[in-house]
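Asks: need coordinates for the following:
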Amino acid sequence: MTTLTMAKAINAGLRKSMEADKRVILMGEDIGALGGVYRVTDGLRQDFGRRRVMDTPLAEAGILGTAVGLAYRGYRPVCEIQFDGFIYPAFDQIVSQVSRMHYRTRGAVSMPITIRVPFGGGIGSAEHHSDSPEAYFTHTAGLRVISVSNPQDAYTMIQQAIACNDPVLYFEPKRRYHVKGEVDESAPLDDAMPMSAAQIVAAGTDVTLVTYGSLVPTARDAAIAALDEGVSIEVIDLRSLSPIDFETVEASVRKTGRLVVTHEAAHSGGLGAEIAASITDRCFDYLEHAPVRITGFDVPYPPSKLESHHLPDLDRILDGVDRALARPNSLSGVED
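Replies: Numbers count the residues shown, from 1 in each chain. As a prediction, the model looks like this:
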């Protein structure tokens, strides 16, 4: 076992994939000589050369358009979008080309493209440098969407994404880049948990709390804090946002009877809405309270001085748990 930050774990996973398959190439703005703005690709150009770790122009549509051509020729490109808010110029390529090519060609052409996206807030960035655009892509058929929350998953799932013959958006919570954890670099990839599987990170019996990415540690802290009041929270890290492992969530909700979903993205049309609706369909007779969503607000992502009010935190999540339990909360003030 090795102790790595999430950024170093992604770097190690990229390195292992590149060593295993010469068709894996990296593309992105400043990823070569600089090693990326977060230094995630640091050292890879020196070891694999300019032809496999390519600095690109500041043109996200061009990066993804080039990746489509490379995938046609049998390569497995890994594209870095430097910041989440920079992905929109590439939206047409991702949605109109990358996601559809396999279907358009009746399966004759695969698009094994991995798109790395640092996302979310909490680091005090300027406009366009903190966003949560994942729902746009979970709504798009033909794309796989995943988000990691810890170094081990970061290391394993970047390799799984690169090995997958489907296009994968790989969302990296930028405020967790420097969080350290144990990583088993020797474990065979075939033995790892499937990329599409959710993981129960804290067992509980009273409330199911579902989240992903940067909020997984916050949700785990909420579960620990709730124990002081005798409340047992089961925390589920989705890991895969499309497809969603509804079987794991459903089994938990059938046990607890209550569902809380939290994410940084805006409330309306967010992933929480889909989870709440789907679990209501699947578990209506088991639910003892309406599903609760704790999310960012329906505003453009706020300036850095205000983002602490925008991001769900421990108190907001615990307040949502109180709502699900019909306990005094910020909306009612008294028991329902």
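
Asks: going forward, measure contacts and count neighbours with C-alpha atoms only.
Replies: Will do.

Asks: quick one: the strands in this protein?
Replies: Taking DSSP state E, the strands of the chain run over residues 2-5, 24-28, 53-55, 76-80, 114-119, 144-147, 168-173, 180-183, 199-202, 207-211, 233-237, 240-242, 259-266, 292-296.

Asks: wait, which of the ones you listed is closest to residue 305?
Replies: Residue 305 sits nearest to strand 292-296 of all these, at 15.0 Å, using Cα to Cα.

Asks: run the chain-centre distance for that closest one.
Replies: Relative to the chain's own centre, strand 292-296 is displaced by 17 Å; criterion: Cα atoms, centre = their mean, to the nearest Å.

Asks: same thing with stretch 55-62?
Replies: So, by Cα atoms, centre = their mean, the centroid of stretch 55-62 is 23 Å from its chain's centroid.

Asks: which residues touch that stretch?
Replies: Stretch 55-62 is contacted from outside by 27-33, 63, 81, 86-87, 89-93, using Cα atoms under 8 Å, 6 or more residues apart in numbering.

Asks: ok, stretch 101-114 next?
Replies: In this structure, residues lying in contact with stretch 101-114 by Cα under 8 Å, 6+ apart are 67-68, 71-72, 75-79, 98-99, 161-170.

Asks: can I get that stretch in PDB, CA atoms only?
Replies: What follows is stretch 101-114, C-alpha atoms only, in PDB (Å, rounded to 0.1, in the frame of the first residue of the first chain):
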ATOM      1  CA  MET A 101     -20.700   7.500 -33.000                       C
ATOM      2  CA  HIS A 102     -21.100   3.900 -31.700                       C
ATOM      3  CA  TYR A 103     -24.900   4.000 -32.400                       C
ATOM      4  CA  ARG A 104     -24.500   5.900 -35.700                       C
ATOM      5  CA  THR A 105     -22.200   3.300 -37.100                       C
ATOM      6  CA  ARG A 106     -24.300   0.300 -35.800                       C
ATOM      7  CA  GLY A 107     -21.500  -0.700 -33.500                       C
ATOM      8  CA  ALA A 108     -18.800  -0.600 -36.100                       C
ATOM      9  CA  VAL A 109     -16.900   2.200 -34.400                       C
ATOM     10  CA  SER A 110     -16.100   2.600 -30.700                       C
ATOM     11  CA  MET A 111     -15.200   5.800 -29.000                       C
ATOM     12  CA  PRO A 112     -12.900   4.800 -26.100                       C
ATOM     13  CA  ILE A 113     -12.300   8.400 -25.100                       C
ATOM     14  CA  THR A 114     -11.800   9.500 -21.500                       C
END
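
Asks: what is the mean pLDDT for it?
Replies: When pLDDT is averaged over stretch 101-114, the result is 95.

Asks: next, the buried residues of it.
Replies: Of the residues in stretch 101-114, 101, 102, 109, 110, 111, 112, 113, 114 count as buried by neighbour count, 16 or more other Cα atoms under 10 Å.

Asks: now list the buried members of the contacts of stretch 101-114.
Replies: Among the contacts of stretch 101-114, those buried by neighbour count (16+ other Cα under 10 Å) are 67-68, 71, 75-79, 98-99, 161-170.

Asks: what about the nearest residue to residue 75 once chain neighbours are set aside, neighbour count?
Replies: The shortest distance from residue 75 to any non-neighbouring residue, by Cα to Cα, 6 or more residues apart in numbering, is to residue 23 (4.6 Å). When neighbours are counted by other Cα atoms under 10 Å, residue 23 registers 17.

Asks: so what does residue 329 look like in phi/psi?
Replies: In this entry, residue 329 is assigned phi and psi values of phi -150, psi 180 (degrees, to the nearest 10).

Asks: 30 is where my numbering starts, stick with that
Replies: Sure, I'll start numbering at 30, so the last one becomes residue 358.

Asks: report the separation between it and residue 51.
Replies: Computed with Cα to Cα, to the nearest Å, the distance linking residue 358 and residue 51 is 56 Å.

Asks: out of those two, which sits in the busier spot?
Replies: residue 358 (19 against 12).

Asks: look at the more buried one and report its pLDDT.
Replies: Per-residue confidence for residue 358 comes out at a pLDDT of 86.

Asks: check residue 333 too.
Replies: According to the prediction, residue 333 has pLDDT 81.

Asks: mind listing what it touches?
Replies: Residues in contact with residue 333, defined by Cα under 8 Å, 6+ apart, are 151, 152, 153, 154, 155.

Asks: per-residue confidence at residue 157?
Replies: Looking at residue 157 specifically, the model assigns a pLDDT of 78.

Asks: pull the contacting residues for the closest residue in space to it that isn't next to it in sequence.
Replies: In space, not counting the residues next to it along the chain, residue 157 is nearest to residue 114; the distance is 4.4 Å by Cα to Cα, 6+ apart. If a contact means Cα under 8 Å, 6+ apart, then residue 114 has 157, 158, 159, 160, 162 as its contacts.
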